[in-house]
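**Student:** My questions are about this predicted structure, shown below with the sequence.
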Amino acid sequence: MKNDLVTIKGMADGMYIEVRGNDLESLTTAIHEKIMKAGEFFKGGKLIEVRGDELSPENRLELMLILKYKYDFKVDIPGISVPVAEEEKTEPAKINVFEAEEGLSKFVHGTLRSGQEIAFNGNIVVIGDVNPGAQLKAKGNIVVLGSLKGLAHAGVGGNTKAVVAAYSLLPTQLRIADLIVRPPEDDTQYKYPEIARIVDGEVVIEPYLPNK
């Protein structure tokens with residue numbers, strides 16, 4: 001059964017999801033079945049980690065993004081801030097989280113092809129690829145669970161805290177707020193997903209290394 005692929009464990013500090021295998025489609029289906037069966041039980045819960053001996057870093061990140069945006073889990077990942085309780089603010093938290101603003105999110109399922117444009121006043125989450133000639137424009141963040149090869153403009157209107165994240169970040173043009181950056185001509189790719197954000201007045205693109 002697909003549900004045998006996923007185990008959700010509730011602990012004192014939050015929830016852990018253990019998965020078996022590395023097939024993303026099977027794992028997302030199994031997670032969906034578990035969450036739907038539980039009703040409102042997991043809604044708004046804090047997710048500590050998704051782990052599995054065979055799970056790749058790329059698929060781990062994609063599962064965490066889906067759990068955050070689709071199922072409303074509180075998740076510590078780049079581009080998504082998690083409120084910290086007052087009693088937890090006594091010491092700085094060493095978490096790989098960028099201070100990006102949250103808000104409403106628009107989900108796009110499937111590949112965006114040349115000529116298609118998605119614009120939204122909040123965040124845009126694409127579960128698929130964005131081909132050359134397609135455009136994404138968001139007042140908030142842009143997250144692509146696939147290859148981003150079109151135009152991406154996050155932070156429309158001047159939101160300098162917005163970020164762009166993708167499994168493969170090779171846009172024809174990338175813009176955050178009023179800053180524009182073009183990818184290198186050699187189409188350099190990293191093994192891990194990448195994050196683009198504004199640092200000291202410049203757009204910085206860097207690999208996201210889970211568990212580093």
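**Tutor:** Cool, the structure landed. Numbers count the residues shown, from 1 in each chain.

**Student:** what about the protein, any weak spots by pLDDT?
**Tutor:** Applying pLDDT under 70 to the chain picks out residues 1-3, 12-13, 39-44, 76-103, 182-192, 208-212.

**Student:** How is it partitioned into domains?
**Tutor:** Split into domains by automatic domain parsing, the chain comes to 2-75, 105-207.

**Student:** Of the ones you listed, flag the one that's most buried.
**Tutor:** domain 105-207 (a mean of 18; mean count of other CB atoms under 10 Å). The C-beta positions use only the backbone N, C-alpha and C, and glycine is treated the same way.

**Student:** Checking my notes, Met36 in a helix, right?
**Tutor:** Yes. Assessed with DSSP: H, G, I helix; E, B strand; the rest coil, Met36 lies in a helix.

**Student:** Tell me the spacing between it and Gly146.
**Tutor:** 24 Å (CB to CB, to the nearest Å).

**Student:** and if you look at Asn131?
**Tutor:** Counting by CB to CB, the gap from Asn131 to Gly146 is 10 Å.

**Student:** Determine how far stretch 122-137 lies from the middle of the whole chain.
**Tutor:** 13 Å (CA atoms, centre = their mean, to the nearest Å).

**Student:** gap between the two ends of that stretch?
**Tutor:** Distance between the two ends of stretch 122-137: 9 Å, counting by CA to CA, to the nearest Å.

**Student:** for the residue positioned nearest the centre of the chain, what are its contacts?
**Tutor:** The chain has Leu65 as the residue nearest its centroid, 4.1 Å off, counting by CA atoms, centre = their mean. Leu65 makes contact with 75, 77, 125, 143, 145, 165, according to CB atoms under 8 Å, 6 or more residues apart in numbering.

**Student:** helix or strand for it, which one?
**Tutor:** For Leu65, the host element (DSSP states H and E) is helix 57-71.

**Student:** Following element in sequence after that helix, please.
**Tutor:** Counting by DSSP H and E, what follows helix 57-71 is strand 74-75.

**Student:** That next one pairs with which strands?
**Tutor:** strand 46-51 (parallel) (DSSP bridges).

**Student:** ok, residues contacting the partner strand?
**Tutor:** Residues contacting strand 46-51 (CB under 8 Å, 6+ apart): 11, 13-19, 60, 63-64, 67-68, 73-75, 82.

**Student:** Direction-wise, compare that strand with helix 57-71 and give the angle.
**Tutor:** 150 degrees (axes from the mean of the first three to the mean of the last three CA atoms, to 10 degrees).

**Student:** how far does the helix holding Leu65 sit from the chain's center?
**Tutor:** That offset, for helix 57-71, works out to 6 Å (CA atoms, centre = their mean).

**Student:** Next: stretch 118-138.
**Tutor:** 13 Å.

**Student:** Straight-line length of it, end to end?
**Tutor:** End-to-end for stretch 118-138, by CA to CA: 8 Å.

**Student:** tell me the helices in this protein, going along the chain?
**Tutor:** Here the chain has its helices, by DSSP state H, at 24-38, 57-71.

**Student:** leaving aside the residues next to it on the chain, what's closest to Ala177?
**Tutor:** Nearest residue to Ala177, sequence neighbours excluded (CB to CB, 6 or more residues apart in numbering): Gly155, at 4.1 Å.

**Student:** Cheers, nothing more for now.
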